[in-house]
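A.B. asks: missing the sequence, but the structure's below:
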């Protein structure tokens with residue numbers, strides 16, 4: 001049999017690439033710096049190629065080193081999936097799931113998902129991470145997460161997605177502002193810079209612009225909030241209007257404000273809520289079962305006729 005690289009040395013290499021620092025990588029791997037360095041040198045000898053260019057104070061990955069890191073990530077992810085497959089054989093709803101969720105869903109749904117698992121799947125443990133869509137997809141691709149809850153549509157090329165529900169958008173404004181608006185609402189007649197949205201890195205901004213047909217950028221205020229709660233405060237100060245997802249309203253984001261939520265003009269706009277996982281995972285049964293439970297027990301009450 002060929003003298004194959006050890007998983008341990010591949011693990012060292014991936015974490016060195018991630019940290020770009022030998023000392024930090026060694027701490028994450030729970031080994032000494034010299035052990036990590038020796039492991040990577042051994043890997044280079046086995047492969048017959050230099051993976052890292054070193055001098056006294058710095059280092060950089062070679063072109064082949066970068067490719068080996070990417071392949072190593074995939075190998076380690078596949079090994080993790082293999083271990084989970086064997087561990088959970090016959091009991092798919094057991095073990096750990098590293099679950100990522102975006103900030104415009106997490107505060108309003110994640111606690112209910114945790115409670116659902118505690119009640120229905122007590123042997124299933126969720127390890128939670130909240131971040132933007134782009135960063136979560138990157139972590140999923142690297143094997144750092146197992147499953148994501150995202151707002152769709154987003155580019156999920158290379159992944160599998162499962163729609164579990166929809167979340168309508170509501171137009172939110174101060175009650176005094178709502179009394180001054182002429183019905184039906186015409187976006188073109190609204191004051192310039194009167195619509196407040198989140199920063200562009202939050203996918204809900206793109207979803208709201210598309211779903212609510214906000215093609216005229218002059219109506220959108222240049223200020224971009226970092227959270228839905230900031231939007232609520234701006235609008236509660238009678239500075240303009242915004243669009244919020246129904247799940248945020250249902251969980252009380254408008255409590256103790258003078259805001260009202262109304263249906264936007266035109267066809268009811270909404271975003272899809274979905275689960276996303278790697279196509280190569282061995283835990284498809286687990287993720288589908290969890291997705292169906294979220295759909296039926298947590299999200300089915302919201303426009304169920306549009307959930308497919």
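C.D. replies: Happy to help now that I have it. If you're wondering where the values come from, they're calculated on a predicted model, not measured in any experiment.
A.B. asks: for the rest of this, base every contact and every neighbour count on C-alpha atoms.
C.D. replies: OK.
A.B. asks: so where is this protein shaky, pLDDT-wise?
C.D. replies: Within the chain, the ranges that satisfy pLDDT under 70 run 1-2, 85, 87-90, 211-213, 215-216, 300-308.
A.B. asks: strands of that one, residue ranges please.
C.D. replies: Taking DSSP state E, the strands of the chain run over residues 52-54, 59-61, 95-101, 124-130, 147-152, 159-174, 195-198, 220-225, 241-245, 259-262, 270-278.
A.B. asks: which other helices and strands does the last one contact?
C.D. replies: Contacts defined by 3 or more C-alpha pairs under 8 Å, 6 or more residues apart in numbering; DSSP states H and E place strand 270-278 against helix 133-141, strand 147-152, strand 159-174, helix 203-211.
A.B. asks: can you do 7 Å?
C.D. replies: On a contact count with 3 or more C-alpha pairs under 7 Å, 6 or more residues apart in numbering; DSSP states H and E, strand 270-278 meets strand 147-152, strand 159-174.
A.B. asks: what pairs with it, parallel or antiparallel?
C.D. replies: strand 147-152 (antiparallel), strand 159-174 (antiparallel) (DSSP bridges).
A.B. asks: what's in contact with it?
C.D. replies: Outside strand 270-278, the residues within contact range by C-alpha atoms under 7 Å, 6 or more residues apart in numbering are 146-153, 159-169, 207, 211, 291.
A.B. asks: show me how to select, in PyMOL, the buried members of the residues you listed.
C.D. replies: Applying 16 or more other C-alpha atoms under 10 Å to the contacts of strand 270-278, the buried members can be selected in PyMOL as follows:
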select buried, resi 146+147+148+149+150+151+152+161+162+163+164+165+166+167+168+169+207+211+291
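A.B. asks: would you reformat the helices and strands packed on strand 270-278 as CSV and include distance to residue 78?
C.D. replies: CSV is the format used below for the helices and strands packed on strand 270-278 (distance: least, C-alpha to C-alpha, whole Å):
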stretch, distance to residue 78
strand 147-152, 15
strand 159-174, 14
